[in-house]
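**Q** build the 3D model from these lines:
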Amino acid sequence: MFPRLITVVFIALALWGALARGSGASEHGHAYVVKTGDTVWSIVADSYGGDTRRGVWELERANDLGEDATITAGERLRVPW
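**A** As a prediction, the model looks like this:
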């Protein structure tokens, strides 16, 4: 009886671990849709609470913008804070 119980518990835990989904609670940030006239700097200056230069770096990194950091109106950016 005991080995069977351990087997059932082990299978249940394995299934639970394989099928469990994250709640999203640990994910930070939100999406931002770029408006006409927006720049990476202006987006960060309006919404980041720290050093704007660091915010620009974080935004560029989160969206794989590269060195030129070109954004266009209507583009959806992930804001990591």
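
**Q** what's the longest helix along the chain in contact with?
**A** Longest helix in the chain by number of residues (criterion: DSSP state H): helix 2-19. Here helix 2-19 makes contact (C-beta atoms under 8 Å, 6 or more residues apart in numbering) with no residue beyond itself. Placement of C-beta: from N, CA and C, glycine included.

**Q** for that helix, C-alpha coordinates in CSV please.
**A** The C-alpha trace of helix 2-19 is given here as CSV (Å, rounded to 0.1, in the frame of the first residue of the first chain):
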residue,chain,number,x,y,z
PHE,A,2,2.8,2.5,1.0
PRO,A,3,4.8,2.0,-2.2
ARG,A,4,1.7,2.5,-4.3
LEU,A,5,0.9,5.7,-2.4
ILE,A,6,4.4,7.1,-3.0
THR,A,7,4.1,6.2,-6.7
VAL,A,8,0.8,8.0,-7.1
VAL,A,9,2.1,11.1,-5.2
PHE,A,10,5.2,11.1,-7.3
ILE,A,11,3.2,10.9,-10.6
ALA,A,12,0.9,13.6,-9.4
LEU,A,13,3.7,15.9,-8.5
ALA,A,14,5.4,15.2,-11.8
LEU,A,15,2.3,16.1,-13.7
TRP,A,16,1.6,19.2,-11.7
GLY,A,17,5.2,20.4,-12.3
ALA,A,18,4.9,19.7,-16.0
LEU,A,19,1.5,21.4,-16.4
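
**Q** average model confidence for that helix?
**A** Average pLDDT, helix 2-19: 86.

**Q** any idea how far it is from the middle of the chain?
**A** Relative to the centre of its chain, helix 2-19 is centred 32 Å away, using C-alpha atoms, centre = their mean, to the nearest Å.

**Q** pull out the buried residues from that helix.
**A** Within helix 2-19, no residue counts as buried by 16 or more other C-beta atoms under 10 Å.

**Q** so which residues of the chain form strands?
**A** Taking DSSP state E as the criterion, the chain carries its strands at 30-33, 76-79.

**Q** the first one: partners in the sheet, and parallel or antiparallel?
**A** The one in question is strand 30-33. strand 76-79 (antiparallel) (DSSP bridges).
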